[in-house]
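Chemist: got a predicted model here, sequence first, then my questions.
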Amino acid sequence: MTLRFVGIDPNTGGGGSPTVWVEEESADLVLQGEEAKELLKAQVSGTEWVAGHQVGIPPHETVIRIPARMVSILREACDVAEQRAQLR
C-alpha cells in the first residue's frame with residue numbers, strides 16, 4: 001500500500017496531529033484525527049441517519065474529529081483521490 005501525504009493540521013505542535021493521505025491504489029482517503037469523545041460517539045451511534053440503515057458504530061469503525069481549519073486540506077485530498085480514481 002502506497003500513501004500519498006496531502007496535509008497535516010497547520011496548528012500541529014509536533015505531536016500526534018490530524019493528517020490526511022490518499023491511498024494510491026484504491027484512491028481512498030486515509031484520515032488520522034482525534035478520536036471522538038464518548039458523548040459524540042453516543043450521538044452518532046444512537047441516531048438513524050439514513051432511513052432503514054442500521055444504527056450504531058461497527059467494531060471495525062470509529063468516529064474521528066477533523067478540525068475545520070483542515071477543510072482546504074480535505075478538499076485537496078478529495079481532488080487527489082478523484083484524479084487517482086480516474087486513472088484506475
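Modeler: Structure's in. What do you need?
Chemist: helix or strand right after the worst-scoring helix or strand of the chain on mean pLDDT?
Modeler: None of the helices or strands of the chain scores lower by mean pLDDT, DSSP states H and E than strand 34-35, at a mean of 90. Going down the chain from strand 34-35, the next helix or strand is helix 38-45, by DSSP states H and E.
Chemist: output the contacting helices and strands for that following helix.
Modeler: With contacts defined as 3 or more C-beta pairs under 8 Å, 6 or more residues apart in numbering; DSSP states H and E, helix 38-45 has no helix or strand neighbours. C-beta here means a position set from N, CA and C on the backbone, and glycine is covered the same way.
Chemist: quick one: that helix to chain centroid distance?
Modeler: Centre-to-centre, helix 38-45 and its host chain are 17 Å apart (C-alpha atoms, centre = their mean, to the nearest Å).
Chemist: got it, and stretch 20-37?
Modeler: 5 Å.
Chemist: do stretch 9-21 as well
Modeler: Worked out by C-alpha atoms, centre = their mean, stretch 9-21 lies 13 Å from the chain centre.
Chemist: for that stretch, buried residues please.
Modeler: By 16 or more other C-beta atoms under 10 Å, the buried positions in stretch 9-21 come out as 9, 17-21.
Chemist: of all the residues you listed, which comes closest to residue 42?
Modeler: The closest of those to residue 42 turns out to be residue 18 (C-beta to C-beta; 21.9 Å).
Chemist: so residue 21, which state does it fall into?
Modeler: With DSSP: H, G, I helix; E, B strand; the rest coil as the basis, residue 21 sits in strand.
Chemist: need the pLDDT of the closest residue to residue 88 other than its chain neighbours.
Modeler: Counting by C-beta to C-beta, 6 or more residues apart in numbering, residue 88 lies nearest to residue 27, which is 6.8 Å off, once chain neighbours are set aside. As predicted, residue 27 sits at a pLDDT of 94.
Chemist: same deal with the one 3 residues further on?
Modeler: At residue 30, the predicted lDDT confidence score is 96.
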